[in-house]
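> Compute the structure for the input listed below.
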Amino acid sequence: TKRVRFAGTQLSPQQRAALYYKVSKLDYFLPAILALEETVEVDRASKTKLLRHILDKELGSRPTLTMAFFDLFFLLMLLVTFQMSVYHVVEGYGHNVKYFITYYLSMIGILYAILRKFGQ
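Below you'll find the model as predicted:
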């Protein structure tokens, strides 16, 4: 078993895993790191094994992947429907059912983007 020196003590892999788990469960740990004013400090903190472990765990979690999927879905829907509705108007086809469907779907995509931005 490989021991790692951490803050003046040596930790076994089991102790290190327990420490990483406890720190990852702290509320507002990642927002506190991001709230550091100097970017040099944020860069320095992001290179630690502890923070890399926590970020890997957070980015691989189900809620994060679900949000990434919905963001991708609504962005693609917004791009396609907006392009279709603009093309429809530029070509002069008039306002028919297809135009209104694409227009309202693009508005739903914009509403999702706005609500997502406020949620951050």
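> Can you check which helix is longest in the protein?
Counting residues, the longest helix found in the chain (DSSP state H) is helix 62-90.
> Show me which residues of that helix are buried.
For helix 62-90, a neighbour-count test (16 or more other C-beta atoms under 10 Å) marks 74, 77-78, 81-82, 84-85, 88 as buried. For the C-beta atoms, the positions are set from N, CA and C on the backbone; glycine is no exception.
> among those residues, which two are most distant?
Largest separation among the buried residues of helix 62-90 by C-beta to C-beta: 74 and 88, giving 20.6 Å.
> thinking again about what came up before, pick the one among the buried residues of helix 62-90 closest to residue 62.
residue 74 (18.6 Å).
> thinking again about what came up before, other SSEs contacting the longest helix of the chain?
Helix 62-90 sits against helix 97-119, with contacts defined as 3 or more C-beta pairs under 8 Å, 6 or more residues apart in numbering; DSSP states H and E.
> Which strands or helices does the helix it packs on pack on?
Looks like helix 97-119 contacts helix 62-90 (3+ C-beta pairs under 8 Å, 6+ apart).
> The helix it packs on - what's its average pLDDT?
For helix 62-90, the mean pLDDT works out to 88.
> show me where pLDDT drops low in this protein?
Scanning the chain for pLDDT under 70 picks out the ranges 1-9.
> From the structure, what's the count of residues near residue 54?
Residues near residue 54, counting by other C-beta atoms under 10 Å, number 20.
> For residue 31, give me the backbone phi and psi.
Main-chain dihedrals, residue 31, degrees, to the nearest 10: phi -60, psi -30.
> er, residue 11 actually
Main-chain dihedrals, residue 11, degrees, to the nearest 10: phi -110, psi 140.
> Identify the bridge partners of it.
Residues in a beta bridge with residue 11, per DSSP bridges, are residue 4.
> what about it, distance to residue 29?
Distance, residue 11 to residue 29, using C-beta to C-beta, to the nearest Å: 19 Å.
> again, but for residue 95
52 Å.
> more neighbours, these two?
residue 29 (15 against 10).
> List the residues that contact the closest residue to the more buried one other than its chain neighbours.
In space, and not counting its chain neighbours, residue 29 is closest to residue 23: 6.6 Å by C-beta to C-beta, 6 or more residues apart in numbering. By C-beta atoms under 8 Å, 6 or more residues apart in numbering, the residues touching residue 23 are 29, 50, 54.
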